[in-house]
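# Let me see the structure of the following:
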Amino acid sequence: MTVLSRVDIDRLRADVDLGALAQQAGARLRQTGRGWFAGPCPFCGGRDRFVVHHAASAGWRWLCRGCGDSKYHDAIDFYQRWRQVDFHQACTELAAHNGQSLSPAVAPVAALPRLTQPPVLENQATAMQVVSQGEVALWSPCGERARDWLHARGLTDDTLRHWRIGYIPGRPDSWLQIAEWRVPCGILIPTILPDPTGERVWCLKVRRAAGSPKYMAVKGLGAPALFGAHTLKGRANAVLTEGEFDAMLLHQVAGDLAGCITLGSMSARLDVTLWAGYLLPIARLLVAYDVDAAGDQGAAHMTALTQRAQRIAVPALRGGDKDITDYHAAGGDLRIWLEPHLDLPNDYDEELITTILTWAESKGYMECTFSPEGHIVVK
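Okay, the predicted model is just below:
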């Protein structure tokens, strides 16, 4: 296999016409400024979320605010994703297309990871069948004990229906066959998000009544998703909780104040490639993980990712309390606890934000943030 030199790679990044390459992939670009082009993303659609820029000093680069990671990428990254090939093959094919010959090098260059994709459509029929069957069971006589347990955590029937919580009947150590999937028995927690085709099930998780592990994911849908991502729309503030029950409870009590999201556990890591489109307008991300060593560790990881993230402690009104549900059960007022941390307005206009971001990019600004006073600042 031909080994790539840094010189080869730098030449490709500088010489490949990314605008022409993107149009070969199906992008319909229009010029929005000197060296700036925008249009629907060839990978995820939209209207003008896909941006291509060319500058004499930096060469070509691209960004998608829908399926990207809020960072600019080069032609090699684009070709990898378009053709679904590894880094070496992308460089080889681009070099052939560009008339370059690759020179020997001392050491190979590691491949870059591919951008993460949503769950495939082929599994959606089965996933929706699991969700529907779980909902029917929860609201039937066999789901009474599960409903009682959920009510004891402060969750109302309206909340359970909003999040489409279900129940898979059976012993804690047993499984139920639904279509071609084996589903653990327990309380079913689906992550369902809006999709251009309607709704898409991103993740199915079951909370078992006993045994270890306590939570199990239903295989067939891939990695855990950002539960509650749809609550971020139009919000400047968001609260990241450690688990789904905390996120649902906080949304029930204070969903008008902030978006309520979770990765499902403190050990889960945020895939910025996948969720940047949801998180970009968020000015302040309040990390309300459990008050323990593991929660501190997870919060430290999140605050290291972005300056927008801030750890906020959940008060413990009783011995052993450590999370939002405990605080609520002990008589704490979640709205009073949360409001002092929300010093930014919550009613930004999403279309206005998109317009400002597009304008900022066309003028060469690289960063868009929110000031403490609530002003949009571009740099």
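
# Name the SS class of residue 62, please.
Using DSSP: H, G, I helix; E, B strand; the rest coil, the structure places residue 62 in strand.

# wait, what's in contact with it?
Shown in contact with residue 62 (CB atoms under 8 Å, 6 or more residues apart in numbering): 18, 22, 50-53, 72-74, 77-78. All C-beta spots, glycine's among them, are computed from the backbone N, C-alpha and C.

# Any idea what the nearest residue to residue 130 once chain neighbours are set aside is bridged to?
Of all residues not flanking residue 130 in the chain, residue 178 sits nearest, at 5.1 Å (CB to CB, 6 or more residues apart in numbering). Listed by DSSP bridges, the beta-bridge partners for residue 178 are residue 181.

# Could you measure from residue 178 over to residue 204?
Per CB to CB, to the nearest Å, residue 178 is found 10 Å from residue 204.

# Those two: which is more packed in?
Between residue 178 and residue 204, counted using other CB atoms under 10 Å, the more crowded position is residue 204 (27 against 18).

# what sits against the residue lying closest to the more buried one once chain neighbours are set aside?
In this structure, residue 204 finds its nearest non-sequential neighbour in residue 218, 3.8 Å apart by CB to CB, 6+ apart. Applying CB under 8 Å, 6+ apart to residue 218 gives the contacts 130, 181, 183-184, 204-206.

# Quick one: mark the members of the contacts of residue 62 that sit in strands.
Per DSSP state E, strands hold the following members of these: 50-53.

# where in the stretch 201-350 of the chain is pLDDT low?
222-224, 266-267, 271-274, 276, 343-350 (pLDDT under 70).

# how about the helices in it?
Remark: helices assigned in the stretch 201-350 of the chain by DSSP state H, counting those that start in this stretch are 244-254, 272-279, 293-305, 324-329, 334-338, 350-362.

# Specify which member of the ones in strands among the contacts of residue 62 is nearest to residue 142.
Closest approach between the ones in strands among the contacts of residue 62 and residue 142, by CB to CB: residue 50, at 48.6 Å.

# May I have the predicted confidence score for that closest one?
On pLDDT, residue 50 comes in at 85.

# wait, what's in contact with it?
Counting by CB under 8 Å, 6+ apart, residue 50 makes contact with 22, 27, 29, 38-42, 62-64, 66.

# just residue 302 next, same as before
240, 270, 285, 287, 309, 311.

# let's see 7 Å
Residue 302 makes contact with 240, 287, 309 under the criterion CB atoms under 7 Å, 6 or more residues apart in numbering.

# Could you do residue 182 as well?
residue 175.

# Then residue 329?
residue 154.

# Quick one: neighbours of the residue nearest to residue 47 when sequence neighbours are not counted, just the number.
Counting by CB to CB, 6+ apart, residue 47 lies nearest to residue 40, which is 6.1 Å off, once chain neighbours are set aside. Residues contacting residue 40 under the criterion other CB under 10 Å number 18.

# so how far is residue 296 from residue 141?
From residue 141 to residue 296 the distance is 43 Å (CB to CB).

# Which one's more surrounded, these two?
Shown here are residue 141 and residue 296; by other CB under 10 Å, residue 296 has more neighbours (15 against 6).

# if I look at that one, how far off is residue 302?
11 Å.

# Then residue 264?
Residue 264 is 14 Å from residue 302, by CB to CB.

# which residues in the stretch 201-350 of the chain form strands?
215-217, 237-241, 259-262, 284-288, 309-311 (DSSP state E, counting those that start in this stretch).

# Which positions in the last one come out as buried?
It stands for strand 309-311. Across strand 309-311, burial judged by 16 or more other CB atoms under 10 Å covers 309, 311.

# Stretch 14-28 now?
Those buried within stretch 14-28 under the rule 16+ other CB under 10 Å are 16, 18-19, 21-23, 27.

# Stretch 161-169 too?
Quick answer for stretch 161-169 (16+ other CB under 10 Å): 163-169.

# Just the ones in strands from those, please.
Per DSSP E, strands hold the following members of these: 166-168.

# ok so, going back, helix, strand or coil for the residue nearest to residue 47?
strand.

# That one against residue 46, yeah?
Yes - with contacts counted by CB atoms under 7 Å, residue 40 reaches residue 46, the gap being 5.4 Å.

# What separation is there between residue 300 and residue 253?
Note on residue 300: its distance to residue 253, by CB to CB, is 27 Å.

# same deal with residue 166?
For residue 166, the distance to residue 253 - CB to CB - is 22 Å.

# Quickly list the domain ranges of the chain.
6-98, 119-225, 232-348 (automatic domain parsing).

# Now for residue 52: which residues touch it?
For residue 52, the contacting residues are 18-19, 22, 29, 37, 60, 62, by CB under 7 Å, 6+ apart.

# Can you show me the strands along the stretch 1-150 of the chain?
Using DSSP E, counting those that start in this stretch, strands in the stretch 1-150 of the chain cover 30-33, 36-41, 45-55, 59-64.

# which parts of the first one are buried?
By that I understand strand 30-33. Neighbour-count burial for strand 30-33, counted by 16+ other CB under 10 Å, picks out residue 32.

# what's that strand packed up against?
In terms of contacts (3 or more CB pairs under 7 Å, 6 or more residues apart in numbering; DSSP states H and E), strand 30-33 is packed against strand 36-41, helix 350-362.

# Tell me the strands beside that strand, with direction?
Strand pairing for strand 30-33, using DSSP bridges, gives strand 36-41 (antiparallel).

# what sits up against the strand it pairs with?
If you take CB under 7 Å, 6+ apart as the criterion, strand 36-41 is touched by 19, 27-32, 46-53, 64, 66-67, 358, 361-362.

# let's go with 6 Å and repeat that
19, 27-32, 46, 48-53, 64, 66, 362 (CB atoms under 6 Å, 6 or more residues apart in numbering).

# List the buried residues for stretch 83-94?
85, 87-88, 90-92, 94.

# how much space between residue 337 and residue 176?
For residue 337, the distance to residue 176 - CB to CB - is 39 Å.

# for the protein, longest helix please?
Longest helix in the chain, counting residues (DSSP state H): helix 124-138.

# All good on my end, thank you.
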